[in-house]
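Peer 1: fold the following, please.
(one chain, ligands or ions: 2)
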Amino acid sequence: MPNSPVRLLIHGASGRMGRALLRLAAEHGDLRVVAGISRSGRTPPELSGLPMLPAAHMGEAPAFDLMLDFSLAEAFDSAVALCRSRSAGLVSGTTGLSATQKQALDTLAQQVPVLWSANFSAGVAVLSELVRQAAAALPEWDVDIVESHHVHKKDAPSGTALALGAAVERGGGRPPAYSSLRAGDIVGEHLVQFTGPGERLELTHRAGSRDIFARGALEAARRLAGRPPGSYRFAELLLGLAR
Ligand SMILES: NC(=O)C1=CN([C@@H]2O[C@H](COP(=O)(O)OP(=O)(O)OC[C@H]3O[C@@H](n4cnc5c(N)ncnc54)[C@H](OP(=O)(O)O)[C@@H]3O)[C@@H](O)[C@H]2O)C=CC1
Ligand SMILES: O=C(O)C1=N[C@H](C(=O)O)C[C@H](O)C1
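Peer 2: Ligands and ions are numbered 1, 2, ... in the order given. Prediction:
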């Protein structure tokens, strides 16, 4: 960690996650939010007194060390471009990214430290490892991944569901079938179900509040700041879990 506070730019500052980040960043004396960006540039109350820029004017953002990006896939390319032009690191949790957008993360990581994760909770990081182990032990069993989220969520399956599917693949399990439920204000739930002859194994994570994701992302930012360029993993950086 550098000695002076890490200057954060929040991309997606007016959103559900952006507002949680703004509220919780204030708890960290070693982090300082310098501005927020949203599509409209509308100012959420948490940001009063700080510059809030519409996406069309994001090039005018003040100097920053790291961008925290929780926006939408359609906004992602310009976020990466700003990090590239400012040589600033990136912590991103935006889901629904294309293969090309994922590649852009790898390219950016040659220049600055980058951490993208579909899920910033400790529980899902551990779940992913448990899923890999279960898949390795039960390669013939059917695998279903069921994710439930609030009605406003744009992408499906969720980024976490796809990441859990990748963990099944790494373990050598059967290709999973995905189901998505959208209902009410569910923060995020993921069930990975392994079905064999006469028995079933269910591994579930339930997020009770967006604060867990925001806290995970802020901690990731603290730990990423000042590191050399590269692609960093949440589970490794925060929990010491190897892939
Ligand atoms: N990795 C993780 O742990 C988690 C990831 N997520 C992901 O984070 C992302 C955001 O989720 P959530 O906060 O619920 O979404 P919201 O819809 O609540 O917020 C989206 C934010 O992005 C901004 N935005 C939308 N379009 C653009 C654009 N074209 N240019 C610039 N900014 C834009 C919005 O601005 P405006 O208000 O002006 O439209 C808003 O600030 C999603 O991809 C979600 O899946 C969510 C939770 C946890
Ligand atoms: O959009 C959300 O809300 C969430 N998105 C992430 C995902 O797509 O997996 C993480 C979390 O489940 C909440």
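
Peer 1: every contact and neighbour count from this point should use C-alpha atoms.
Peer 2: Noted.

Peer 1: and A136, what helix or strand is that in?
Peer 2: Taking DSSP states H and E as the definition, A136 sits inside helix 122-137.

Peer 1: which parts of that helix are buried?
Peer 2: 124-125, 127-136 (16 or more other Cα atoms under 10 Å).

Peer 1: local confidence estimate at P44?
Peer 2: Model confidence at P44, given as pLDDT, is 78.

Peer 1: ok, now which ones touch it?
Peer 2: If you count contacts by Cα atoms under 8 Å, 6 or more residues apart in numbering, P44 has them with 13-14, 19.

Peer 1: in a markdown table, list these along with pLDDT and distance to ligand 1.
Peer 2: Converted to a markdown table, the contacts of P44 look like this (pLDDT from 0 to 100; distance: Cα to the nearest ligand atom, whole Å):
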| residue | pLDDT | distance to ligand 1 |
| --- | --- | --- |
| A13 | 95 | 5 |
| S14 | 94 | 4 |
| R19 | 94 | 8 |
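
Peer 1: out of those residues, which is most surrounded?
Peer 2: A13 (30 neighbours; other Cα atoms under 10 Å).

Peer 1: so what's it closest to, chain neighbours aside?
Peer 2: G36 (5.2 Å; Cα to Cα, 6 or more residues apart in numbering).

Peer 1: doesn't the one you found lie inside a helix?
Peer 2: No - looking at G36 with DSSP: H, G, I helix; E, B strand; the rest coil, it is strand, so not inside a helix.

Peer 1: that one: neighbour count?
Peer 2: 30.

Peer 1: hmm, back to that, the next helix or strand after the helix holding A136: partners in the sheet, and parallel or antiparallel?
Peer 2: From helix 122-137 onward toward the C-terminus, using DSSP H and E, the following helix or strand is strand 142-149. Strand 142-149 has these partner strands in its sheet, going by DSSP bridges: strand 177-182 (parallel), strand 188-196 (antiparallel).

Peer 1: tell me if the helix or strand that strand 142-149 is followed by is near ligand 2.
Peer 2: Later in the chain than strand 142-149, the nearest helix or strand by DSSP H and E is helix 159-171. Yes - Helix 159-171 reaches ligand 2 (Cα under 6 Å from any ligand atom) through 159-160.

Peer 1: what pLDDT is listed against the residue of the chain positioned farthest from its centre?
Peer 2: When distances are taken from the C-alpha mean of the chain, G198 lies farthest, 36.6 Å away, according to Cα atoms, centre = their mean. Per-residue confidence (pLDDT) for G198: 98.

Peer 1: what's the answer for the one 3 residues further on, then?
Peer 2: On the pLDDT scale, L201 is placed at 98.
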